[in-house]
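Colleague: turn this into a model:
(2 chains)
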Amino acid sequence: MASDDCKRFLNQLESWTEGERPANAGAHLRSCVRCQSVVADLSTIQAEGRTWGAQEAEPPEHLWSLLRAQLEEEGLIHATEADGKAEVVAAKQGWFGGFFAHIPRPVLAGAYLSALVAVCVALSGPLSKPTNEAQWLEGTEVATSPLSAQLNSFEQDPITSSRDLNPAVTASLHENLAVVDNYIALCKKSVQEEPQNEIARDYLYGAYQQKADLLAQLHERGENVQ
Amino acid sequence: MITGRAVTTKSNLKAYWVTAGLLVPGLLLSSAVYAGPIRHEQHFKVTAHPVITIHNPSGLITVKAWTKAEVMVISMPATTEVEVDAEQMGNRVDVSTRALSESVAPGDMKADFQINVPEDSELQIHNDAGAVNVSNVLGDMNVETVAAGVDLADTSGYLTVKTVGGSFQCSRCAGRIEVSSITGSFRLIDLKSTHVWAQTSTGNILFNGEFLPNGTYSLKNYSGTIEVRFSPGDSFDMSATSLKGKVNNEAKLTPSTHEHHFVPRWGNALFGTFNQGRAKVELTSFDGTINILKRD
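Modeller: Numbers count the residues shown, from 1 in each chain, chains lettered A, B, ... in the order given. Predicted structure coming up:
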């Protein structure tokens, strides 16, 4: 489970990524492997994003909004304007826009999902400290519940938007989505039975990543065929 | 008899002419009405290391290397409502399939391709359904599909393949291979690759190739079987873990001298060194079976 220091650091992540280096945040980062991992992952995502193609199609606006809303809810970013349009402008001017402005939105969508998975893994619990099963289970649930809810909300739209796709492709995507859902359920069961089982947790996070990839593909294709 | 035959012959000739008079216009008419797949051939002169991108919703894509410094694209769209665009931008050739009208049924958005490229070409292929076959191309390659199977032979370079449900087969491939899928199975045959990373959820993985010195081989699935074949002369460090499945091993492994393995408390795990342990092999499954077997 994340410590209070970790939570404080994650709340300061916005300014940290802007280049600010508050002393307390720096001190915590030097001593916390989990937060180092989060920062490293974000840096990797940013670096990778720069190398990816710039000709990607725009994702559906609601996907963008959902991701942003989820990140705000998680406390990883903060809205600067209440109004939707103003929010986009503000985002472009703030760290969020400055950090990611040059990266295409579908790349960001995937990157955010990856970031969420990474953050969830980081927050899921200390890997080296012995602790009881309830804490491990709580850590995993804290990490995966918002992700699961977010993925489920994404899942609602592609089913309608992908109706114009090649039937064989649509069928394959949905069949595989069902496989991954089943895989997630089995991994969850395994984690609940053995909360400290790091292999089961790795597979669970891997399954969420696969679901995120699949849903991103469905969204992309739904967008492209319209 | 002779007269009779002559009369019969004249009668037959008349009948033939009548038949021909009906058939020929009929055939011409039917050929005009039938508008089946149109074969279109295009040639592009290229220099060293050209890049060829192919974006196709569905169909059979066959790419072969040849010795000419040009790219030949033979396309066969499924209907006249579908068109293939192939254009050259410098040393890059972009091939894509597009609909000519909005009324094209999603299932008709397909085209087959036969493409010949120089062997040092770099390929980027996106084909949702159908199949992708590539042989003898030595440049880097990226293939993405949903349901289409991918079959590579005698390739090299940095190969990245991503499918959702399509299978993947690689025969006599070298270089670096990274492949991922959800339900697709992998067959890696006679590989000479120094880096293999293969991950699928429910598919099977077969690795029957050489473990090259300093090579890393990571095979991971959720369920299904992971089968690795080894020869007596191979040299590798083995780490095999199945959380809920079995690990069957025919290799006489000795305790590893190269690194300290983290031995998990969960599942069935096996660690050890075969010969000098020059390659690193990691096999991981959730509830699948892992077989480490002698090569026949």
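
Colleague: send the alpha carbons of the helix or strand hosting B:Ile61 over as PDB?
Modeller: Counting by DSSP states H and E, the element that carries B:Ile61 is strand B:51-66. This file holds the C-alpha atoms of strand B:51-66, laid out as PDB (Å, rounded to 0.1, in the frame of the first residue of the first chain):
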ATOM      1  CA  VAL B  51      10.800   1.200 -46.700                       C
ATOM      2  CA  ILE B  52       7.500  -0.400 -47.800                       C
ATOM      3  CA  THR B  53       4.400   0.300 -45.900                       C
ATOM      4  CA  ILE B  54       1.200  -1.700 -46.500                       C
ATOM      5  CA  HIS B  55      -2.100  -0.800 -44.900                       C
ATOM      6  CA  ASN B  56      -4.900  -3.300 -45.800                       C
ATOM      7  CA  PRO B  57      -8.100  -4.100 -44.000                       C
ATOM      8  CA  SER B  58      -8.300  -7.700 -45.100                       C
ATOM      9  CA  GLY B  59      -6.700 -10.100 -47.600                       C
ATOM     10  CA  LEU B  60      -3.700 -12.200 -48.400                       C
ATOM     11  CA  ILE B  61      -0.400 -10.300 -48.500                       C
ATOM     12  CA  THR B  62       2.500 -12.100 -49.900                       C
ATOM     13  CA  VAL B  63       5.900 -10.400 -49.800                       C
ATOM     14  CA  LYS B  64       9.000 -11.900 -51.300                       C
ATOM     15  CA  ALA B  65      12.500 -10.600 -51.800                       C
ATOM     16  CA  TRP B  66      14.100 -10.500 -55.200                       C
END
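
Colleague: tell me the secondary structure for A:Leu186?
Modeller: With DSSP: H, G, I helix; E, B strand; the rest coil as the basis, A:Leu186 sits in helix.

Colleague: the one 3 residues further on now?
Modeller: At A:Lys189 the chain is in helix, as set by three-state DSSP.

Colleague: counting neighbours, what do you get for it?
Modeller: For A:Lys189, the neighbour count with other CB atoms under 10 Å in any protein chain shown is 12. (Each C-beta comes from the backbone N, C-alpha and C, glycine too.)

Colleague: what do you get for B:Lys45?
Modeller: Residues near B:Lys45, counting by other CB under 10 Å: 11.

Colleague: now do the buried residues in the strand holding B:Ile61.
Modeller: B:51-65 (16 or more other CB atoms under 10 Å in any protein chain shown).

Colleague: so which of those residues also contact chain A?
Modeller: The subset of the buried residues of strand B:51-66 within reach of chain A, by CB under 8 Å from any CB of the partner chain, is B:57-58.

Colleague: excluding covalently adjacent residues, which one is nearest to whatever residue of chain B ends up closest to chain A?
Modeller: For chain B, the residue closest to chain A is B:Ala147, as judged by CB to the nearest CB, at 3.9 Å. Excluding the flanking residues, the one nearest B:Ala147 by CB to CB, 6 or more residues apart in numbering or on different chains is A:Ser172, at 3.9 Å.

Colleague: show me what contacts the one you found?
Modeller: The contact partners of A:Ser172, taken as CB atoms under 8 Å, 6 or more residues apart in numbering or on different chains, are B:129, B:146-147, B:164-165.

Colleague: ok, A:Val39 next?
Modeller: Neighbouring residues of A:Val39 by CB under 8 Å, 6+ apart: A:13, A:16, A:29.

Colleague: tell me how chain A divides into domains.
Modeller: If you go by automatic domain parsing, the domain ranges for chain A are A:1-123, A:124-226.

Colleague: out of the ones you listed, which gets the lowest mean score?
Modeller: Per-stretch mean pLDDT for the domains of chain A is lowest at domain A:1-123 (a mean of 61).

Colleague: near chain A, which residues of the stretch 51-200 of chain B? Just list them.
Modeller: Counting by CB under 8 Å from any CB, the stretch 51-200 of chain B sits next to chain A at B:57-58, B:106-107, B:109-110, B:128-129, B:146-147, B:164-165, B:182-183.

Colleague: any chance of these in CSV, plus pLDDT and secondary structure?
Modeller: Converted to CSV, those look like this (pLDDT from 0 to 100; DSSP: H, G, I helix; E, B strand; the rest coil):
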residue, pLDDT, secondary structure
B:Pro57, 94, strand
B:Ser58, 95, strand
B:Pro106, 85, helix
B:Gly107, 84, helix
B:Met109, 91, coil
B:Lys110, 92, coil
B:Asp128, 95, strand
B:Ala129, 95, strand
B:Val146, 95, coil
B:Ala147, 95, coil
B:Val164, 96, coil
B:Gly165, 96, coil
B:Ile182, 96, coil
B:Thr183, 96, coil
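
Colleague: which members of the residues you listed are classed as buried?
Modeller: B:57-58, B:106, B:109-110, B:128-129, B:146-147, B:164-165, B:182-183.

Colleague: and the closest residue to chain B within chain A, backbone torsions?
Modeller: Residue of chain A nearest chain B, by CB to the nearest CB: A:Ser172 (3.9 Å). Phi and psi for A:Ser172, reported as degrees, to the nearest 10, are phi -60, psi -40.

Colleague: next, count neighbours for B:Glu144.
Modeller: Residue neighbour count, defined by other CB under 10 Å, stands at 20 for B:Glu144.

Colleague: distance of it from A:Thr170?
Modeller: B:Glu144 is 17 Å from A:Thr170, where distance means CB to CB, to the nearest Å.

Colleague: and what of A:Leu214?
Modeller: Relative to A:Thr170, and taking CB to CB, A:Leu214 is found at 12 Å.

Colleague: where do the helices sit along chain B?
Modeller: B:2-33 (DSSP state H).

Colleague: so, low pLDDT: which residues of it?
Modeller: Counting by pLDDT under 70, chain B contains low-confidence ranges at B:1-37, B:257-265.

Colleague: quick one, domains of chain B?
Modeller: B:35-131, B:167-296.

Colleague: contacts only, for residue 203.
Modeller: If you meant another chain, say so; for now it's chain A. A:183, A:187, A:190, B:222, B:243, B:286.

Colleague: not what I meant, chain B
Modeller: By CB under 8 Å, 6+ apart, the neighbours of B:Gly203 are B:167, B:181-186, B:221, B:224.

Colleague: one more time with 6 Å, if that's ok
Modeller: Taking CB atoms under 6 Å, 6 or more residues apart in numbering or on different chains, we find B:Gly203 in contact with B:181, B:183-185, B:224.

Colleague: could I get the buried residue list for stretch B:78-93?
Modeller: Quick answer for stretch B:78-93 (16+ other CB under 10 Å): B:78-79, B:81-84, B:86, B:88, B:91-93.

Colleague: strands - which of those land there?
Modeller: If you go by DSSP state E, those have B:82-84, B:86, B:88, B:92-93 in strands.

Colleague: farthest-separated two in these?
Modeller: Pairwise distances across those peak at 22.9 Å for B:Val82 and B:Arg92 (criterion: CB to CB).

Colleague: looks like B:Ala198 contacts B:Ser218 (just checking).
Modeller: No - with contact defined as CB atoms under 6 Å, B:Ala198 does not reach B:Ser218; the gap is 7.2 Å.
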